[in-house]
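S.K.: Mind looking at a prediction? Sequence and model below.
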Amino acid sequence: MTYKLEISGEADEDIFEAYSWYEQQSQGLGERFIGELEVLFHKITVNPQHYKVADQSSGKQLLNHFHS
């Protein structure tokens, strides 16, 4: 069973800001960020119970290459 993943408007803005920042650092890095994010989103929709719950309505997961 595949679940539906909903991205809030605020999260969508954060993603765009992160994409823009990575692209400013190195051309193509923002695209790599989006690609890794899409892979993670797919994994979450396939197996959401595998990921930590941040609160009652959202979860939290770090990307492999894009976290500090």
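M.R.: Sure thing, it's come through.
S.K.: What strand or helix carries the residue sitting nearest the centre point of the chain?
M.R.: Residue closest to the mean C-alpha point of the chain, counted by CA atoms, centre = their mean, is residue 37 at 4.0 Å. Assigned by DSSP states H and E, residue 37 falls within helix 29-46.
S.K.: And that helix, what's buried?
M.R.: 29, 30, 32, 33, 34, 37, 40, 44 (16 or more other CB atoms under 10 Å). Any C-beta I mention is one placed from the backbone N, CA and C, and that applies to glycine too.
S.K.: list the contacts for the third one?
M.R.: Neighbour list for residue 32: 22, 65 [criterion: CB atoms under 8 Å, 6 or more residues apart in numbering].
S.K.: pLDDT wise, what is it at?
M.R.: Looking at residue 32, its pLDDT is 95.
S.K.: pLDDT value on residue 68, please?
M.R.: According to the model, residue 68 scores 50 on pLDDT.
S.K.: now do residue 49
M.R.: pLDDT, residue 49: 82.
S.K.: again with residue 25
M.R.: So residue 25 comes in at 95 (pLDDT).
S.K.: now residue 2
M.R.: Residue 2 is given a pLDDT of 78.
S.K.: where's residue 50 relative to residue 42, distance?
M.R.: Using CB to CB, to the nearest Å, we find residue 50 at a distance of 12 Å from residue 42.
S.K.: returning to that earlier point: show me which of the buried residues of helix 29-46 is closest to residue 9.
M.R.: Proximity of the buried residues of helix 29-46 to residue 9 (CB to CB) peaks at residue 37, which lies at 16.3 Å.
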